[in-house]
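Asker: this one's structure only:
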């Protein structure tokens with residue numbers, strides 16, 4: 001298969017009905033919108049064509065197919081053995097994070113973010129009535145004394161956690177910036193979460209897009225502490241340009257994996273679309 005990806009001409013792109021191509025005037029190239037302009041992967045397009053031929057546009061049935069696909073991908077790609085029973089479906093990562101926040105924080109609680117970071121993080125915290133606490137990224141050198149660009153400021157995070165934070169929104173890989181968090185930083189974050197009782201909600205939506213030479217590490221894979229306090233949110237929407245199909249997954253902490261957990265039950269009211 002050819003590794004060359006061709007972008008359709010502007011005249012064709014402007015016929016698309018997505019927000020990227022319908023929000024701005026024709027003399028604007030809408031680069032801030034996180035959609036790719038490449039054609040859909042052929043297997044994805046074929047599956048959608050088959051669904052149209054079946055008139056398969058009804059409500060999504062409860063099925064383990066997506067959970068099995070995500071668990072299989074995680075094992076093959078990151079050597080992360082989730083197990084499909086630990087994966088729950090939701091319409092998209094944003095809804096998953098927002099609805100999880102509703103269930104684990106109360107109005108007035110503190111939720112930490114690490115700017116510069118994806119702007120909706122602060123919107124979601126404010127929507128649930130919580131307070132945004134900032135622990136910005138740092139340029140501090142790593143343990144071996146070598147500066148490697150931005151990284152999590154673990155000292156700032158500990159200060160925020162000590163001050164009573166209830167949750168932390170981790171962007172991994174970090175958006176914006178070309179930051180793929182190293183395993184040692186994620187493990188240290190998990191230790192802080194355990195020490196101070198802080199939930200870590202890991203937005204890992206860009207995980208399939210890391211460049212050659214970088215190694216994405218799922219937060220829940222780094223330690224038992226991470227699995228006790230961490231949520232992972234994944235979707236094919238960025239890696240395969242499927243945002244409009246509405247499908248994502250949540251892998252909750254081990255303490256929330258029973259069928260009676262409110263976090264698991266939230267997927268019943270925020271279900272993905274059939275095509276997703």
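Answerer: Yep, it's here. Note that the coordinates shown come from a computational prediction; the quantities given were computed from them, not determined experimentally. Residues are numbered from 1 along each chain as shown.

Asker: Residue ranges in the stretch 101-250 of the chain under the pLDDT threshold?
Answerer: Flagging of the stretch 101-250 of the chain using pLDDT under 70 yields the residue ranges 140-148.

Asker: what ranges do the helices span in it?
Answerer: 120-127, 154-162, 183-196, 224-229 (DSSP state H, counting those that start in this stretch).

Asker: any residues touching the last one, and which ones?
Answerer: By C-beta atoms under 8 Å, 6 or more residues apart in numbering, the surrounding residues in contact with helix 224-229 are 186-187, 189-191, 193-194, 197-200, 219-220, 253-255. All C-beta spots, glycine's among them, are computed from the backbone N, C-alpha and C.

Asker: Next, format the helices of the stretch 101-250 of the chain as JSON lines and append distance to residue 242 and mean neighbour count.
Answerer: Output for those, formatted as JSON lines (distance: least, C-beta to C-beta, whole Å; neighbours: other C-beta atoms under 10 Å):
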{"stretch": "helix 120-127", "distance to residue 242": "18", "mean neighbour count": "17"}
{"stretch": "helix 154-162", "distance to residue 242": "32", "mean neighbour count": "18"}
{"stretch": "helix 183-196", "distance to residue 242": "26", "mean neighbour count": "19"}
{"stretch": "helix 224-229", "distance to residue 242": "27", "mean neighbour count": "19"}
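
Asker: want to try TSV for these, with distance to residue 248 as columns?
Answerer: As requested, the helices of the stretch 101-250 of the chain are exported to TSV (distance: least, C-beta to C-beta, whole Å):
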stretch	distance to residue 248
helix 120-127	14
helix 154-162	26
helix 183-196	21
helix 224-229	20
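
Asker: wait, which of these is closest to residue 71?
Answerer: helix 224-229 (14.7 Å; C-beta to C-beta).

Asker: right, so of the helices of the stretch 101-250 of the chain, which gets closest to residue 62?
Answerer: So among the helices of the stretch 101-250 of the chain, helix 224-229 is nearest, using C-beta to C-beta, at 25.0 Å.

Asker: Wait, residue 110 touches residue 134, no?
Answerer: No: the pair residue 110 / residue 134 is not scored as a contact, 10.7 Å apart, by C-beta atoms under 8 Å.

Asker: Among these two, which residue is more densely surrounded?
Answerer: Ranked by neighbour count (other C-beta atoms under 10 Å), residue 110 and residue 134 place residue 110 first, with 19 against 12.

Asker: so what's the more buried one up against?
Answerer: 130, 131, 133, 160, 163, 164, 165, 166 are the contacts of residue 110 under C-beta under 8 Å, 6+ apart.

Asker: Pull out the buried members of those.
Answerer: The neighbour-count test (16 or more other C-beta atoms under 10 Å) applied to those identifies 130, 133, 160, 165, 166 as buried.

Asker: what's the most distant pair in those?
Answerer: 130 and 160 (13.0 Å).

Asker: Give me the longest strand you can find in this protein.
Answerer: In the chain, taking DSSP state E as the definition, the longest strand is strand 165-171.

Asker: what comes into contact with that strand?
Answerer: 97, 101, 104-106, 109-114, 117-118, 121, 124-125, 130, 133, 157, 160-161, 181, 189, 193, 196, 198-203, 219.
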